[in-house]
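K.L.:
pasting the sequence and the predicted coordinates here, then a few questions.
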Amino acid sequence: MNARGHLSSETIDLLLLSALSADDANAARHHLDGCGECKQRWQELNEDKQRFEQFVFARTLPKVEARVAAERQGFFERFKLKFLIPVVGVAAALGVVAVSGPGTQTEDDLYVGIKGQPTLEVYAQRGNGGAFAVGGDTPLQPNDKIRFVVNPAGSKYVMVASHDGAGVFSVYAPFNANSSQPVEAKTKLELPGAVELDDTLGTERVVAVFSDEPLTAAQVEAALKSDAKNPSLKGARFVAREFRKVAP
């Protein structure tokens, strides 16, 4: 649940991918039965999936498979995230659409684009255990390692920054960098590197800042200090995730 008492985007996505535990899946479905807003979001997600499978999957699957093969040594392979291994098309259905050019592309020249607003997903690993998705109600611990998956949705640069429980600002991706990094604008991707959490306990707010021009760490820090809940920078889009860091 998020702060407004609705299912989080992560929960709905994982439900579609059959990646929730039986108890969590039953609880989510029970909530959907009684919540009109969440039920509408669930229906829209399924409609997107159906449109993808009907109109896009056959042509984009070879391209997606090629990309997955090239990234087989990435984070998801190493930690065996089961919910990304079943049919690539199902995972892609969460946000992949076909985009045609201004009249020069044929249907066979379609490429994989990412639909909608930019997104940030956080995944964690504890010790030698498997990776797990981090939602707003997921407690993390010092020394957990976290990684980030983003959908730039057309943006050309991204920076992932943090305000921890002590109010300390840090740049997580690119780690300790002074400016944002270029990204493939139409690809959902895992950002390189993992961050090991320190001993500071409390609520930590992680923010991905998407832009068409590189931003400096100082600009992002100033925006967060000005308004941590609703930061703003000209030409930038912010996506935030919060988690609680608790003692082991």
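P.N.:
Nice, thanks for sending it over. Numbering: from 1, shown residues only.

K.L.:
show me what the lengthiest helix in the chain is packed against.
P.N.:
Using DSSP state H, we find that the single longest helix of the chain is helix 36-51. In terms of contacts (3 or more CB pairs under 8 Å, 6 or more residues apart in numbering; DSSP states H and E), helix 36-51 is packed against helix 9-16, helix 22-34. Where C-beta positions appear, they are placed from N, C-alpha and C, glycine not excepted.

K.L.:
let's have the ones you listed in a markdown table, adding mean pLDDT and mean neighbour count.
P.N.:
Formatted as a markdown table, the helices and strands packed on helix 36-51 follow (pLDDT from 0 to 100; neighbours: other CB atoms under 10 Å):
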| stretch | mean pLDDT | mean neighbour count |
| --- | --- | --- |
| helix 9-16 | 81 | 20 |
| helix 22-34 | 89 | 12 |
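
K.L.:
among those, which comes closest to Ala124?
P.N.:
With CB to CB as the measure, helix 9-16 is the member of the helices and strands packed on helix 36-51 nearest Ala124 (12.2 Å).

K.L.:
report the angle between the closest one and helix 22-34.
P.N.:
110 degrees (axes from the mean of the first three to the mean of the last three CA atoms, to 10 degrees).

K.L.:
let's see helix 9-16 as CSV, backbone CA atoms only.
P.N.:
C-alpha atoms of helix 9-16 as CSV (Å, rounded to 0.1, in the frame of the first residue of the first chain):
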residue,chain,number,x,y,z
SER,A,9,2.7,0.7,-8.8
GLU,A,10,5.3,-1.9,-7.9
THR,A,11,2.6,-4.2,-6.4
ILE,A,12,0.4,-3.9,-9.4
ASP,A,13,3.3,-4.6,-11.8
LEU,A,14,4.4,-7.6,-9.8
LEU,A,15,0.9,-8.9,-9.6
LEU,A,16,0.7,-8.8,-13.4
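
K.L.:
quick one: that helix to chain centroid distance?
P.N.:
Counting by CA atoms, centre = their mean, to the nearest Å, helix 9-16 is centred 11 Å from the centre of its parent chain.

K.L.:
angle of the longest helix of the chain against helix 9-16?
P.N.:
Going by the same axes, to 10 degrees, helix 36-51 is angled at 50 degrees with respect to helix 9-16.

K.L.:
can you dump the C-alpha coordinates of helix 36-51 into CSV?
P.N.:
Taking C-alpha atoms only, helix 36-51 is exported to CSV below (Å, rounded to 0.1, in the frame of the first residue of the first chain):
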residue,chain,number,x,y,z
GLY,A,36,-12.3,1.5,-7.9
GLU,A,37,-9.2,3.6,-8.5
CYS,A,38,-6.8,0.6,-8.2
LYS,A,39,-9.2,-1.6,-10.2
GLN,A,40,-9.1,1.0,-13.0
ARG,A,41,-5.3,1.0,-13.0
TRP,A,42,-5.2,-2.8,-13.1
GLN,A,43,-7.6,-2.9,-16.0
GLU,A,44,-5.6,-0.3,-17.9
LEU,A,45,-2.4,-2.2,-17.4
ASN,A,46,-4.1,-5.4,-18.7
GLU,A,47,-5.4,-3.5,-21.7
ASP,A,48,-1.9,-2.3,-22.5
LYS,A,49,-0.6,-5.9,-22.2
GLN,A,50,-3.3,-7.1,-24.5
ARG,A,51,-2.6,-4.4,-27.1
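
K.L.:
in that helix, which residues are buried?
P.N.:
By neighbour count with 16 or more other CB atoms under 10 Å, helix 36-51 contains the buried residues 38, 41-42, 45, 48-49.
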